[in-house]
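Participant: need coordinates for the below:
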Amino acid sequence: MSNSESLLPLGKATIYNSEYNPQLLCPFPRQVKRDVIGVTGTLPFSGYDIWNAFELSWLNLKGKPIIAMGEFHIPCESPNLIESKSFKLYLNSFNQTRFSDFEQVEQQIIEDLSRIAGGKVRVRLLDSDQFVTEQLQSFPGQCIDDLDITIDEYSLDPSLLEKSTDPQQQVEEELFSHLLKSNCLVTNQPDWGSVLIRYHGSKINPEALLRYLVSFRQHNEFHEQCVERIFVDLMRYCQPEKLTVYARYTRRGGLDINPFRSNFETHIANLRLARQ
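Facilitator: Model prediction:
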């Protein structure tokens with residue numbers, strides 16, 4: 001475990017603080033893991049991490065509890081990601097603190113998250129009247145999970161993508177899988193996700209792609225780093241002209257993390273899948 005990882009609150013006994021405390025937020029340098037996959041200098045992608053919070057509450061000035069859902073966009077260009085347990089503890093610290101209105105809470109969260117991430121964070125809070133607008137959706141394109149293939153190796157292996165393209169077929173394609181699973185870098189708890197691959201270029205063999213995605217099954221890495229690794233591996237082995245990788249992970253502790261990386265798109269919808 002690196003020095004940066006040893007400082008994280010994950011896997012450690014916790015005292016939950018119900019009074020506002022921004023010092024609970026814990027940054028983790030993105031470059032630590034980008035060095036591992038060879039991402040240095042100018043990033044080969046843009047994008048952001050979409051976090052959705054479902055356990056967010058505070059008190060109004062009369063002491064009455066207010067509940068909300070939160071959506072946070074953390075730019076991938078920011079030097080730090082925010083460690084998930086510290087984010088959860090930070091949001092819990094609003095529980096017994098009084099605020100005048102939604103705008104005050106929103107501005108405070110923007111200020112705190114932007115300071116820790118080192119980049120401008122977008123925040124949107126939804127009151128209970130807006131909850132009904134959050135409908136379940138599905139990924140566009142073709143699901144590759146029904147392919148009848150044999151798999152007997154579950155260790156990360158990007159070479160499964162080698163020679164997996166057909167240069168004679170130039171396509172614009174959207175492929176997705178619900179079989180993405182990795183493990184938390186620190187606690188080894190399973191992280192379950194769905195991933196969308198949108199690309200323009202030589203056609204990618206879907207069987208090779210599915211085997212590659214399944215090879216994450218026993219791999220230990222944060223959500224954000226898994227998505228960046230997928231992006232880098234696809235660019236290296238498949239060399240598409242345009243590429244987007246977007247993962248939707250199931251929530252833990254009232255938070256889900258959904259990294260989006262692309263070299264041609266600047267925005268993607270905050271889709272809510274059935275497992276979320």
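Participant: what's in contact with whichever strand or helix holds residue 104?
Facilitator: Using DSSP states H and E, residue 104 maps to helix 102-117. Outside helix 102-117, the residues within contact range by C-beta atoms under 8 Å, 6 or more residues apart in numbering are 20, 22, 25-27, 58, 66, 68, 70, 72, 74-75, 78-82, 90, 94, 99, 120-125, 127. To be clear about C-beta, it is placed using only N, CA and C from the backbone, and glycine gets the same treatment.
Participant: so residue 81: helix, strand or coil?
Facilitator: Secondary structure state of residue 81, per DSSP: H, G, I helix; E, B strand; the rest coil, is strand.
Participant: from residue 217, how far off is the closest residue to residue 58 other than its chain neighbours?
Facilitator: Excluding its sequence neighbours, the residue lying closest to residue 58 (C-beta to C-beta, 6 or more residues apart in numbering) is residue 94, at 4.4 Å. The gap separating residue 94 from residue 217 is 36 Å, by C-beta to C-beta, to the nearest Å.
Participant: those two: who's more crowded?
Facilitator: The neighbour count for residue 94 versus residue 217, taken as other C-beta atoms under 10 Å, is higher for residue 94 (22 against 17).
Participant: so what's residue 136 up against?
Facilitator: Counting by C-beta under 8 Å, 6+ apart, residue 136 touches 272, 273, 274.
Participant: what is the nearest of those to residue 209?
Facilitator: Distance to residue 209 across the contacts of residue 136 (C-beta to C-beta) is lowest for residue 273, with 19.0 Å.
Participant: list the contacts for that closest one?
Facilitator: 136, 137, 138, 139, 194, 248.
Participant: now, which of these sits nearest residue 241?
Facilitator: Using C-beta to C-beta, residue 139 comes nearest to residue 241 of the contacts of residue 273, at 21.3 Å.
Participant: who's in contact with that closest one?
Facilitator: 174, 176, 194, 196, 248, 271, 273.
Participant: what's the helix or strand for the residue nearest to residue 58?
Facilitator: Assigned by DSSP H and E, residue 94 falls within no helix or strand.
Participant: can I get the contacts of residue 136 in CSV including distance to residue 52, pLDDT and secondary structure?
Facilitator: What follows is these, written out as CSV (distance: C-beta to C-beta, whole Å; pLDDT from 0 to 100; DSSP: H, G, I helix; E, B strand; the rest coil):
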residue, distance to residue 52, pLDDT, secondary structure
272, 8, 96, strand
273, 11, 97, coil
274, 15, 96, coil
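Participant: turn these into a markdown table, including distance to residue 114.
Facilitator: Converted to a markdown table, those look like this (distance: C-beta to C-beta, whole Å):
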| residue | distance to residue 114 |
| --- | --- |
| 272 | 25 |
| 273 | 28 |
| 274 | 32 |
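Participant: I'd like the average pLDDT over the longest strand seen in the chain.
Facilitator: For the chain, the strand with the greatest residue count under DSSP state E is strand 165-183. If you average the pLDDT over strand 165-183, you get 97.
Participant: who does that strand touch, helix- and strand-wise?
Facilitator: strand 142-143, strand 190-204, helix 206-214, helix 223-237 (3 or more C-beta pairs under 8 Å, 6 or more residues apart in numbering; DSSP states H and E).
Participant: got the ones you listed as JSON lines, with mean pLDDT columns?
Facilitator: Shown next, in JSON lines, are the helices and strands packed on strand 165-183 (pLDDT from 0 to 100):
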{"stretch": "strand 142-143", "mean pLDDT": "98"}
{"stretch": "strand 190-204", "mean pLDDT": "98"}
{"stretch": "helix 206-214", "mean pLDDT": "98"}
{"stretch": "helix 223-237", "mean pLDDT": "98"}
